[in-house]
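> Build me a structure from this.
(2 chains)
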Amino acid sequence: MTRISALAVALAAAAAAFATGPISAQQKPPLTVGAIFVGSVNDYGYNRSMKDGLDEMKRNIPGLKLIEAENVPETAESERIMEGMIQQGAKLIFATSFGHQQFAFNLAKTHPDVTFEHAGGWMQAPNFGNFFGATQAAWYPMGVAAGKMTKSNTLGFVVGVPIGYAIGNVNAFEMGAHSVNPKAQTRVVVTGGWSDKAKEAAAANALIDQGADVVTMHVDSPATIIQTAEGRGAYSIGFQSIAARELAPKGWITGLGFTWGPFMTETARSVIAGTFKPAMVRQGLGSMMAVAPFGAKVPPDVRTLVTASADKVAHGFNPFTGPVTDNTGTVRIAAGESWGGDKMGNFDWYVEGVIGKAK
Amino acid sequence: MNAALVLGVLASAIASGTSLLYATLGEIVGERAGIVNLGLEGIMLIGAASGFAATAMTGNPFLGVTAAALAGAAANLIFAYLVVGRQANQLATGLTLMFFGLGLSALIGRPFVGTLIAGLPKLRILGLGSMGDPLTAYDGLVYLVVPTAILIWWLLFRTTWGLGLRAVGESPVAAVAAGLRPGRLQYQALAIAGLLGGIAGAHLSLALTLTWEEGMTAGRGFIAIALVIFAKWNPLWAIAGALLFGAAESLQLQLQAAGADVSPFIMNMIPYLLTLLVLIVWGWSRQAAAPAALGRNFVGVE
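You can find the predicted model right below:
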């Protein structure tokens, strides 16, 4: 018995040697890319969208080697994990969560030969760029879909933390709904964290109790809220990953997802070619964001309207063009003015038609 | 206040109070035997993760609940070995157990993140209402929680076993003099506590959210420990405590949905403010309700 297990161990060791050995003999990959995620890539949400983008990049560039790490905390631990990826030969690193920024930036200084791309931040260096989706205007067509599908004229929006960007998402959603259904109102419930599943379920229930028949959300993973809405026969609209559709076979309307693939591919190619230029990239529908496939219950006329609205936004339509009035009746964006770019972080008010307090 | 809001709060309080009540009942049994377990949060996480994993693998949520209960009990027996068998400090060991649970549950749950499960089936009360109506359709664990509380009360206050267990919590020396074996009773108490803590976690992952996520209990284990004090170590009072806290959590969400003119930041504090308030008010009544030997290790008699 002992001899057999010793043999097994020896065989395993030999197999391992073969598995690792011939790598140097193989042809060198054109580029090794490292990527860190703050959560699990199976979350049907933000991390899944990043994983899908990286996989697309890998498919686009034959031979590219991808090293990934999930559940990387937004602490100095992330710096050690990225350092390890650099030791394994990574020349491009995607730090995909907001809190990874400073740690990636520290490494950018000590490793000038490695390129870093951070999602959602602002820092820049010759080898450090950042990128994110311009989400706010992209929510407008989601509102169009919700406004057309609602029977109760009440839409529910679960918000994790009411930061300016999240409030902007709610605002564009309501404006889109209002554009096709002037009676549509959006009720907002804040849970107080980006991820508290039990509270998210209770929040979705609360919105449905108050008459909402369409529920959407801005939290890390839409899974619990969509499943809760599905269980109670309400419609849902997803956010973060378009894969969330699988969660609601009956009530799914559509969703807004990030599509990072083209940007990641382009960045990897520029690193291979040695032409990388750092930039603060913010793109919306048509490039970094996409409208998810429609659910079975969405009639053709609504699909046409939503698609047209998404095209309009992709071609530069900005819903935050004055006059825009908040839900207390004060004009916040004057006629002739418009808000875009960095201004999206400044929302501390909800537009007319939203039931909720921003602060 | 509209009718939808009141009904909504009630329905939601029952749903989210259930998990809290199982956890609180477990902690009461342990504390009645003189053991404070600050690791309840970790036990709940282990229950939530193993229940979800078992359900995802077998497709049977009842097996999931069973797995959660057994995993919770097994983890709590490790704790029991340390504090009863090895006389380790209860508070420090409890906190360690919490972190152990956080890590172990992440490991167990990792392959199952994003797996879709059907969850515990909802049963209608006497065929009332429609299936989608939360007031008349709950999962089995909800219907069983109050009978469980009554059962625990009966065990603790109406059986010889319960008398012995409480004696150990009040005075282990006297218990030994009466011919009891404190260590054995404490092991039994902690096994039951782990069982209930595991079920509490399973209710979160298998009934309320249908998902597993790291750290998904979000502090509910600690709220349950506070509820033990609120309940004055009485399983029947715990029913009221769990309902009250569940109601506070759902009330703030329902008020937001109803469009109350209050900042969401203040709303989010309501359940915790309520917990503090209750503990302060309760603190005024000086009647000693805590087991006298709570938190002290019993090292035996000469």
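> show me where the chain has helices.
All of this is about chain A. For chain A, the helices defined by DSSP state H cover A:2-20, A:46-60, A:76-87, A:101-110, A:135-149, A:164-180, A:197-209, A:223-231, A:261-273, A:300-314.
> Please refer instead to chain B.
B:3-32, B:40-58, B:61-80, B:90-109, B:140-158, B:160-170, B:172-177, B:182-203, B:220-230, B:235-257, B:264-284.
> Up against chain B, what does the stretch 151-300 of chain A have?
Within the stretch 151-300 of chain A, the residues that sit near chain B (CB under 8 Å from any CB of the partner chain) are A:156, A:162, A:187-193, A:195-203, A:205-207, A:209-212, A:221, A:223-224, A:227, A:231-233, A:246-247. All C-beta atoms are positioned from the backbone trio N, CA, C, and that covers glycine.
> Report the buried members of those.
A:156, A:162, A:187-192, A:195-203, A:205-207, A:209-212, A:221, A:223-224, A:227, A:231-232, A:247 (16 or more other CB atoms under 10 Å in any protein chain shown).
> What is the least confident helix or strand in chain B?
Sorting the helices and strands of chain B by mean pLDDT, DSSP states H and E puts strand B:122-124 at the bottom, at a mean of 79.
> Show me what that strand pairs with in its sheet, parallel or antiparallel.
Strand B:122-124 sits in its sheet next to strand B:137-139 (antiparallel), going by DSSP bridges.
> Now do the buried residues in the strand it pairs with.
B:Ala137, B:Tyr138, B:Asp139.
> Can you convert those into TSV and add a column each for pLDDT?
Listed next are the buried residues of strand B:137-139 as TSV, based on pLDDT from 0 to 100:
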residue	pLDDT
B:Ala137	77
B:Tyr138	86
B:Asp139	90
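> The residue of the stretch 101-250 of chain B found nearest chain A: what's its closest spatial neighbour, skipping adjacent residues?
Closest residue of the stretch 101-250 of chain B to chain A, CB to the nearest CB: B:Gly114 (3.0 Å). Once flanking residues are discounted, B:Gly114 sits nearest to A:Asn42: 3.0 Å by CB to CB, 6 or more residues apart in numbering or on different chains.
> contacting residues around B:Ala189?
B:Val29, B:Gly30, B:Arg32, B:Ala33, B:Ile35, B:Leu165 (CB atoms under 8 Å, 6 or more residues apart in numbering or on different chains).
> now do 10 Å
B:Ala189 makes contact with B:26, B:28-35, B:37, B:76, B:80, B:84, B:156, B:161-162, B:165-166, B:168-169, according to CB atoms under 10 Å, 6 or more residues apart in numbering or on different chains.
> Burial check on the closest residue to it other than its chain neighbours, number of neighbours?
Distances taken as CB to CB, 6+ apart put B:Ala33 closest to B:Ala189, at 3.7 Å, once the chain neighbours are dropped. Close neighbours of B:Ala33, defined as other CB atoms under 10 Å in any protein chain shown, add up to 30.
> related to what we said a few turns ago, rank the helices of chain B by mean pLDDT and give me the bottom one.
Least confident of the helices of chain B, judged by mean pLDDT, is helix B:264-284 with a mean of 81.
> For the stretch 151-300 of chain B, which residues are neighbours of chain A?
Applying CB under 10 Å from any CB of the partner chain, one finds that the stretch 151-300 of chain B approaches chain A through B:203-205, B:207-220, B:246, B:249-269, B:271.
> Which of the residues you listed are buried, as a ChimeraX select command?
Those of these that count as buried under 16+ other CB under 10 Å are selected in ChimeraX with:
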select /B:203,204,205,207,208,209,210,211,212,213,214,215,216,217,218,220,246,249,250,251,252,253,254,255,256,257,258,259,260,264,267,268,271
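> Once you drop chain neighbours, what's closest to B:Pro172?
B:Phe298 (3.8 Å).
> picking up where we left off before, from the buried residues of strand B:137-139, which single one is nearest A:Phe258?
B:Asp139 (34.4 Å; CB to CB).
> Beta-bridge partners for that closest one, please?
Here B:Asp139 shows beta-bridge partners B:Lys122, assigned using DSSP bridges.
> My read is that it contacts B:Lys122, right?
Yes - if you go by CB atoms under 10 Å, B:Asp139 and B:Lys122 touch, sitting 5.6 Å apart.
> overlap in contacts of the two?
What both B:Asp139 and B:Lys122 touch, as defined by CB under 10 Å, 6+ apart, is the set B:Ala207.
> Return the members of the contacts of B:Ala189 classed as buried.
Buried among these by 16+ other CB under 10 Å: B:26, B:28-35, B:37, B:76, B:80, B:84, B:156, B:162, B:165-166, B:168-169.
> Show me what residue of the stretch 1-150 of chain A gets nearest to chain B.
Taking CB to the nearest CB, the stretch 1-150 of chain A has A:Asn42 as its residue nearest chain B, at 3.0 Å.
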